[in-house]
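*Asks:* Please find the sequence and the predicted model below.
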Amino acid sequence: MKSNRMAASRRRAVIVTAAGLAIALVTMQDGARGQGRGQGPGNQPRSAKAAAPFDATGYWSSLVTQNWRLRMVPPARGDYIGIPISVAGKREADAWDQARDEASGNQCKAYGAPGLMNLPTHLRIAWQDDNTLRVETDYGTQTRLLHFGAWAPTEPRKRGWQGSSVALWASRRGGRGGPPSARYLRITTTDLLSGYLRKNGVPYGENASLLEYVDLFREPDGSALIVWTAVVEDAVNLEMPYIISSQFKKQPDGSAWDPTPCSAGW
Amino acid sequence: MWRVISTTIAIVAVTGVFARSQILLDPEGVDLSGSWAARNFTDAIGNMPGGGPRPVDYMGIPLNDIGRAWSLIHNESQVSMPERICDYYAPTYIAIGPMGLRMWPESEMLTGSTTAWMIGGWADFVPIAIWMDGRPHPSKYAAHEKSGFTTGTWEDDVLVTYTTHMEASAIRRNGVPNSDQATMTVRFSRHDNILTITARIDDPIYLTEPYYLTRSFALTRAPINPATHPCTLANEGVDAERVPHYYPGQNPFVDELTKLYGIPREAVLGGAETALPEFRKKIKDKYVRPSKCVSVPVSTCGGPGTYPPIN
């Protein structure tokens, strides 16, 4: 009698155990699936291209609906409205000399990464490889390479107008415990040559930092818009972070693509 | 022994399910609450505190002929009329005004779900309620109000709001109009402690295509007062029953930007094509770069100390 009760109790325990394990496994598997984004088969990290939350490739056109006279045409010397320029930055900008830039082959100083995306340009965006997004502008024929993953600049470091850019797909939720989500592109750029934030010589220095956030919004009518927000910090030439956003509308093709060289005056 | 093991596993399983449920119950979107200081660099001219843009500056706006004609008869003194003194303080002011934002959620007590996101008032700007509870927009026959009617949804982690039932107002602070048929979609996109809003204004009366505007804000510890006082009528010296205006073809400011900044009239008068890079080809031989910046009527050239620091 007692052994029958023990056997029944053991059977119940086995059933409960099995059920509990099953529920636990399902729960854990579900959770793991939610956190597994960015992982490929065999726990290999997925490439940036495969993990992209949106497809930014194709042709895009600036929509210059704001600060028009400061962007679409080269503004006058001394027109610093919209830039938190410091005393030192103003001193340098006041001494800006277009002819000197042309003579020294520095026509591209206003086409560096901190100011480039705010210029009136078309973009051509494509994956150069699975972990490198290439962003080209026809205005000034510049190319930015956005490196994902474990990429690091080669030593010795080389400065350039577009610097070295490290990108990642970022989540807005951070560590709040919500489902991991990669929703926007975050770019950090270093190794910049000093250049101009505006085509009238408002300077940024080699030690300036550039942080960018890129969103892509799709409209109900099928059109798409990229909003590119840049944060430029330069303790010498700026009084505070310079935060500026630029809009780009998706183009059906490259018919408007029109490469033009850098120009110090137009 | 078996009982202990099975009980332990059952507790683990139940805890797992509970924890999972908590994740599912997490609030939607991201936290937008707080005080957001305006960083008016993207549209330093349009968002400029004080006077704002010059009278005839329509560059980059996709105006149609009616919108352009209506803009050109506008006289800045209209906003001194008692009847029109509050005209600009409409929902579009979030995109064209100079102010920062104070945002907070109104939550339902039992579930914690957000009923509405609130944007506090600023000076004469009306507070905006962004209804998140799925309520429908009013009938198309319903009265339009200064605050319009705004609903919101989360698309991924971006708050997308949609405003209808606005009164006629402005999309640039120099009298470029929006009709009461206009609608506005705004995306609130937070990155770290930077908030970027992207506004899309559709107006079947005055625009040929959507008009996009962006603004950026930085989270600040200095609280922005969410209180507002309603825009009140005052006598600013314009006679009652007189509407300041210009007759067609007689706006005295139509060539002002050409004289001040060398920008040809075809650009000044706006239109969708003026926002595109290829428009530069049309004006390349007509643009005359001024030798130096001209400040009119106050300092519009900027310089050190122009922008207040963020706390």
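*Replies:* Nice, I can see it.
*Asks:* Show me the domain layout of chain A.
*Replies:* Domain assignment for chain A, taken from automatic domain parsing, gives A:2-35, A:51-251.
*Asks:* Now the residue in chain A that chain B sits nearest to: closest residue in space that isn't a chain neighbour?
*Replies:* Closest residue of chain A to chain B, CB to the nearest CB: A:Gly82 (2.8 Å). Where C-beta positions appear, they are placed from N, C-alpha and C, glycine not excepted. In space, and not counting its chain neighbours, A:Gly82 is closest to B:Ala44: 2.8 Å by CB to CB, 6 or more residues apart in numbering or on different chains.
*Asks:* quick one: the one you found and A:Arg71 touch, right?
*Replies:* No - using CB atoms under 8 Å, B:Ala44 is not in contact with A:Arg71, being 10.7 Å away.
*Asks:* Go through stretch A:161-170 and flag the buried ones.
*Replies:* A:161-170 (16 or more other CB atoms under 10 Å in any protein chain shown).
*Asks:* Out of those, which are close to chain B?
*Replies:* With respect to chain B, and counting by CB under 8 Å from any CB of the partner chain, the subset of the buried residues of stretch A:161-170 in contact is A:Ala170.
*Asks:* Could you export the buried residues of stretch A:161-170 as JSON lines, including pLDDT and secondary structure?
*Replies:* Listed next are the buried residues of stretch A:161-170 as JSON lines, based on pLDDT from 0 to 100; DSSP: H, G, I helix; E, B strand; the rest coil:
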{"residue": "A:Trp161", "pLDDT": "98", "secondary structure": "coil"}
{"residue": "A:Gln162", "pLDDT": "98", "secondary structure": "coil"}
{"residue": "A:Gly163", "pLDDT": "97", "secondary structure": "coil"}
{"residue": "A:Ser164", "pLDDT": "97", "secondary structure": "strand"}
{"residue": "A:Ser165", "pLDDT": "98", "secondary structure": "strand"}
{"residue": "A:Val166", "pLDDT": "97", "secondary structure": "strand"}
{"residue": "A:Ala167", "pLDDT": "97", "secondary structure": "strand"}
{"residue": "A:Leu168", "pLDDT": "95", "secondary structure": "strand"}
{"residue": "A:Trp169", "pLDDT": "94", "secondary structure": "strand"}
{"residue": "A:Ala170", "pLDDT": "92", "secondary structure": "strand"}
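*Asks:* now, which of the buried residues of stretch A:161-170 sits nearest A:Val214?
*Replies:* A:Ala167 (8.8 Å; CB to CB).
*Asks:* From A:Trp151, how far off is that closest one?
*Replies:* 9 Å (CB to CB, to the nearest Å).
*Asks:* the helices in the stretch 51-200 of chain A, which residues?
*Replies:* Here the stretch 51-200 of chain A has its helices, by DSSP state H, counting those that start in this stretch, at A:68-71, A:87-94, A:98-103, A:113-116.
*Asks:* go on, the stretch 201-311 of chain B?
*Replies:* Counting by DSSP H, counting those that start in this stretch, the helices of the stretch 201-311 of chain B are B:256-261, B:265-268, B:279-283.
*Asks:* Rebuild the ones you listed as CSV, extending it with distance to B:Thr300 and mean neighbour count.
*Replies:* CSV is the format used below for the helices of the stretch 201-311 of chain B (distance: least, CB to CB, whole Å; neighbours: other CB atoms under 10 Å in any protein chain shown):
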stretch, distance to B:Thr300, mean neighbour count
helix B:256-261, 9, 18
helix B:265-268, 16, 19
helix B:279-283, 21, 16
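*Asks:* would you turn those helices into TSV with mean pLDDT?
*Replies:* Shown next, in TSV, are the helices of the stretch 201-311 of chain B (pLDDT from 0 to 100):
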stretch	mean pLDDT
helix B:256-261	94
helix B:265-268	98
helix B:279-283	97
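*Asks:* need those in a markdown table with distance to chain A, can you?
*Replies:* Below are those laid out as a markdown table (distance: least, CB to the nearest CB, whole Å):
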| stretch | distance to chain A |
| --- | --- |
| helix B:256-261 | 5 |
| helix B:265-268 | 8 |
| helix B:279-283 | 6 |
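*Asks:* low-confidence ranges in the chain?
*Replies:* No chain in the question, so chain A it is. A:1-43, A:174-182 (pLDDT under 70).
*Asks:* let's do chain B instead
*Replies:* Along chain B, segments meeting pLDDT under 70 span B:1-27, B:297-299, B:311.
*Asks:* Can you name the residues that contact the residue nearest the centre of it?
*Replies:* In chain B, the centroid-proximal residue (CA atoms, centre = their mean) is B:Ala95; its distance is 1.7 Å. With contact set as CB atoms under 8 Å, 6 or more residues apart in numbering or on different chains, B:Ala95 has these partners: B:171, B:184, B:186, B:197, B:199, B:201, B:213, B:215.
*Asks:* show me what contacts A:Trp257?
*Replies:* Contacts of A:Trp257 (CB under 8 Å, 6+ apart): A:59, A:122, A:124, A:138.
*Asks:* what ranges do the strands span in chain B?
*Replies:* Assigned by DSSP state E, chain B shows strands spanning B:34-39, B:101-107, B:114-119, B:128-131, B:149-155, B:158-164, B:169-172, B:176-178, B:183-191, B:194-202, B:211-220.
*Asks:* Near chain B, which residues of the stretch 151-266 of chain A are found?
*Replies:* A:170-173, A:176-179, A:181, A:183-184, A:186, A:213, A:215, A:217, A:219, A:225, A:227, A:229, A:231, A:239-247, A:249, A:256, A:258, A:265-266.
*Asks:* Could you tell me the end-to-end distance of stretch B:72-87?
*Replies:* 17 Å (CA to CA, to the nearest Å).
*Asks:* Confirm A:Ile226 sits in a strand?
*Replies:* Yes - assessed with DSSP: H, G, I helix; E, B strand; the rest coil, A:Ile226 lies in a strand.
*Asks:* For the closest residue to it other than its chain neighbours, the count of nearby residues, please.
*Replies:* Among residues not flanking A:Ile226 along the chain, A:Phe248 sits closest, at 4.3 Å (CB to CB, 6+ apart). Using other CB atoms under 10 Å in any protein chain shown, A:Phe248 is surrounded by 23 other residues.
*Asks:* Return the backbone torsion pair for A:Phe248.
*Replies:* phi -130, psi 130 (degrees, to the nearest 10).
*Asks:* just A:Ser194 next, same as before
*Replies:* phi -70, psi 150.
*Asks:* how far away is it from A:Val135?
*Replies:* 21 Å.
*Asks:* Which one of these two is surrounded by more residues?
*Replies:* Between A:Ser194 and A:Val135, A:Val135 has the larger neighbour count (other CB under 10 Å), namely 24 against 19.
*Asks:* Okay, that one and B:Glu256: tell me how far apart.
*Replies:* Counting by CB to CB, the gap from A:Val135 to B:Glu256 is 38 Å.
*Asks:* go on, B:Ala90?
*Replies:* B:Ala90 sits 26 Å away from B:Glu256, taking CB to CB as the criterion.
*Asks:* same check, this time on A:Leu238
*Replies:* For A:Leu238 relative to B:Glu256 (CB to CB), the value is 31 Å.
*Asks:* which residue packs closest to B:Trp251, ignoring adjacent ones?
*Replies:* Just so we're on the same page, residue B:251 is Asn rather than Trp. B:Leu72 (4.8 Å).
*Asks:* How about B:Asp255?
*Replies:* B:Arg265 (6.5 Å).
*Asks:* Can you name the residues that contact the one you found?
*Replies:* Per CB under 8 Å, 6+ apart, neighbours of B:Arg265: B:254-255, B:258.
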